[in-house]
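S.K.: 3D model of this:
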Amino acid sequence: MMIQNTILVLLVLGFSGQTGQSLAFMGVQTSALWFLFSGVASFQIIWGLQAANMPIVVISKVYHVSYQASVVSVSSSHQNFQRLPLQSKLLVYEFQRPSAKII
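M.R.: The predicted structure is shown next:
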């Protein structure tokens with residue numbers, strides 16, 4: 001999963017024209033992996049990072065759900081938004097511009 005996320009970030013940065021940031025991210029990622037897997041990091045550091053994983057996941061899921069709920073409630077009350085068919089679990093809305101009347 002980490003390799004997929006790393007490749008995804010590198011592709012997004014690369015295709016958006018941010019080659020410098022892409023190289024910097026790759027350097028930081030490589031350094032962090034070397035630090036964790038080379039034996040330099042103590043067991044307490046690795047254990048602490050592993051223990052912090054679950055709270056980070058829960059906080060990110062709560063944030064994601066609350067953000068989507070606010071977007072759905074705001075956009076569903078606005079007449080220019082139309083709900084599109086679901087292609088996955090993600091709710092997709094399309095903005096429709098009001099038609100202009102020519103006088």
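S.K.: buried stuff in the longest helix seen in the chain?
M.R.: Longest helix of the chain, by residue count under DSSP state H: helix 43-76. Within helix 43-76, no residue is scored as buried using 16 or more other CB atoms under 10 Å. All C-beta atoms are positioned from the backbone trio N, CA, C, and that covers glycine.
S.K.: for stretch 27-41, same thing?
M.R.: Neighbour-count burial for stretch 27-41 [16+ other CB under 10 Å]: residue 29.
S.K.: how many neighbours does residue 6 have?
M.R.: Residue 6 has 15 neighbours, counted by other CB atoms under 10 Å.
S.K.: just give the closest residue to it, not the sequence neighbours.
M.R.: residue 29 (5.6 Å; CB to CB, 6 or more residues apart in numbering).
S.K.: just checking, that neighbour touches residue 3?
M.R.: No - in this structure, residue 29 is not within contact of residue 3 by CB atoms under 8 Å, at 9.9 Å.
S.K.: relative to residue 33, how far out is residue 6?
M.R.: 9 Å (CB to CB, to the nearest Å).
S.K.: let me know how buried residue 23 is, in neighbour terms.
M.R.: Neighbour tally, residue 23, other CB under 10 Å: 13.
S.K.: ok but it is inside a strand, no?
M.R.: No - counting by DSSP: H, G, I helix; E, B strand; the rest coil, residue 23 is not found in a strand; it is helix.
S.K.: re earlier: what helices or strands is the longest helix of the chain leaning on?
M.R.: Using 3 or more CB pairs under 8 Å, 6 or more residues apart in numbering; DSSP states H and E as the contact test, no helix or strand touches helix 43-76.
S.K.: fine by me, we can end here.
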